[in-house]
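[1] Give me coordinates for this.
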Amino acid sequence: MKPIKWLTTGMLALSLTACASYYPIAVDVSPTVEASAGVYRGQSVSLSSQDGRKNDYVIQIEQKDKAPVVVGASNNLKVQMEQALAQGLSNQGAFIENGARTQVTLELQEVLARVIRGHISYDVVQQLRVQLTLQRDGRTITKQYRRSAQAEFPGRLHPELDKVKEALNEQLSLLVKDMLADRDVQQFIGGN
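    You can find the predicted model right below:
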């Protein structure tokens, strides 16, 4: 009886490994920045970031009667988002420097694209949430930004993770754009 149990356990582990090995362990996540110039007149901003997500993966592939497969980011997502925000603020005319009076903290709270298998296609459901905290001279404002999107991609066997990655990058880029376009943020940074 014991050899059969051992053999069954081994076969199950091998089959799970075979399914998981089809997907990469990580994808390149890199938001792009679009920001209009002339918003700030050389105000200095100190920028930092933190990752408060519950999980460190960015894609979760869900198939019926199978354990989910997770895929991480090949680069540091927190750093990517901080760099994108810094580039956008610089494009708008702010100076990014350590020790500036105005401190901006970006916190990642949720970045996940769930890939849900159907019969002849798969749905990609994205949930993104970040928080921006701005502080200066004892004043603080905190802003929450959320993005959610759903798309359906054709595919019978395995989802194409390049399409999922592109969709995720697009939503992350829109999230950065939302922060840069926020009038409350602009007034806080612009006010001396």
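[2] only C-alpha atoms for contact and neighbour calcs from this point on.
    Noted.
[3] So which residues of this protein form helices?
    Secondary structure of the chain (DSSP state H): helices at 2-21, 77-91, 161-181, 183-190.
[4] Mind listing what's buried along the last one?
    Applying a neighbour-count criterion of 16 or more other CA atoms under 10 Å, the buried positions in helix 183-190 are 185-186, 188-190.
[5] Please tell me I have it right and residue 128 contacts residue 110.
    Yes: Residue 128 is within contact range of residue 110, at 5.1 Å (criterion: CA atoms under 8 Å).
[6] got a list of what the one residue sitting closest to the centre of the chain touches?
    Residue closest to the mean C-alpha point of the chain, counted by CA atoms, centre = their mean, is residue 111 at 3.9 Å. Residues in contact with residue 111, defined by CA atoms under 8 Å, 6 or more residues apart in numbering, are 53, 58, 126-129.
[7] Ok, residue 113 next?
    Going by CA under 8 Å, 6+ apart, residue 113 touches 58-60, 124-127, 164, 168.
[8] Not counting its neighbours along the chain, what's nearest it?
    Leaving aside its chain neighbours, residue 113 sits nearest to residue 126 (4.2 Å; criterion: CA to CA, 6 or more residues apart in numbering).
[9] Can you get me a residue count around the one you found?
    Residue neighbour count, defined by other CA atoms under 10 Å, stands at 22 for residue 126.
[10] Ignoring the adjacent residues along the chain, who's closest to residue 143?
    Per CA to CA, 6+ apart, closest to residue 143 is residue 132, 5.2 Å.
[11] While we're on that neighbour, how confident is the model there?
    We note a pLDDT of 98 for residue 132 in this prediction.
[12] With the one 5 residues further on instead?
    Each residue has a pLDDT score; the one for residue 137 is 94.
[13] Regarding the closest residue to it other than its chain neighbours, what are the backbone dihedral angles?
    Nearest residue to residue 137, sequence neighbours excluded (CA to CA, 6+ apart): residue 101, at 7.3 Å. Residue 101 adopts backbone torsions of phi -60, psi -40, taken as degrees, to the nearest 10.
[14] what's residue 101 in contact with, if anything?
    Counting by CA under 8 Å, 6+ apart, residue 101 touches 44-46, 136-137.
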